[in-house]
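Student: can you look at this prediction? I've put the sequence above it.
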Amino acid sequence: MGRSLRRGILFTLLMACAAPAFALDPVLMFLLSTARNMMERRAQEQAAQPQAPEPLSSDVYPGTSVRPQYLHQLIDDSFLYLSDSQRAEIFDSLNKALLDPRNAAVRGTMIDYFARKALAVRAAQLKLAQLSQPEKQRLAEEFRREVATLPPKEQAQVGELLRGGLLPVPGDFNQMLLAAFESR
């Protein structure tokens, strides 16, 4: 779940930064696409076999000057809406990928990509937190209508994401989306 969660969050939050806070409809579409991407990634991850990560041989990732502690702090600062265990899952998944010898040629690119996405997630959270209560209510209502158009299986998965607090939105807005979802 960590890999799919990380990838879904990264992709969707990058998209969220492209939309200003006053453009509510794109934000709604972002939230729906994030939920869908997270569901697809979760299904892909469940099909993959887990591998044990290699232990770190030094205090930096091979071929880089980046310390694992830096990535851990970046995750903690960017994904505040997730629990400690969920943030640890993201770190473990990223750490595993960075230590994989098959990724040696792209470690720096992976770190840069992840850092940009993590910062985009944080920026999107700040933009959503700045929305007024009426804007949030309007978005929640539009979210409810859009989710109602999804097949029942996908609706259930969106509900699961909302109940788990896995969508990259502030906690109060997640509660509003969940209330709107459950009122459909």
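Tutor: Yes, it's here.
Student: okay, CA-based contacts and neighbour counts for the rest of this
Tutor: Noted.
Student: low-confidence stretches in this protein?
Tutor: The chain contains residues with pLDDT under 70 at 1-33, 35, 39, 46-47, 49-58.
Student: can you give me the helices in it?
Tutor: With DSSP state H as the definition, the chain shows helices at residue ranges 2-17, 24-47, 68-78, 84-99, 107-129, 133-148, 152-163, 171-182.
Student: of all those, which one is nearest Asp59?
Tutor: In this view, the helices of the chain are compared for proximity to Asp59 by C-alpha to C-alpha, and helix 68-78 is the closest at 7.3 Å.
Student: between the closest one and helix 84-99, how many degrees?
Tutor: Counting by axes from the mean of the first three to the mean of the last three C-alpha atoms, to 10 degrees, helix 68-78 lies at 140 degrees to helix 84-99.
Student: helix 68-78 versus helix 107-129: what angle between them?
Tutor: Counting by the same axes, to 10 degrees, helix 68-78 lies at 20 degrees to helix 107-129.
Student: residues touching Ala129, list them.
Tutor: Ala129 makes contact with Pro170, Phe173, according to C-alpha atoms under 8 Å, 6 or more residues apart in numbering.
Student: could you check how far it is from Phe173?
Tutor: 8 Å (C-alpha to C-alpha, to the nearest Å).
Student: quickly compare the helices of the chain and say which is most buried.
Tutor: A comparison of the helices of the chain by mean neighbour count, using mean count of other C-alpha atoms under 10 Å, puts helix 2-17 on top with a mean of 23.
Student: format the helices of the chain as JSON lines; extra columns: distance to Pro62.
Tutor: Supplementary listing: these in JSON lines, determined by distance: least, C-alpha to C-alpha, whole Å:
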{"stretch": "helix 2-17", "distance to Pro62": "21"}
{"stretch": "helix 24-47", "distance to Pro62": "26"}
{"stretch": "helix 68-78", "distance to Pro62": "11"}
{"stretch": "helix 84-99", "distance to Pro62": "8"}
{"stretch": "helix 107-129", "distance to Pro62": "8"}
{"stretch": "helix 133-148", "distance to Pro62": "44"}
{"stretch": "helix 152-163", "distance to Pro62": "35"}
{"stretch": "helix 171-182", "distance to Pro62": "37"}
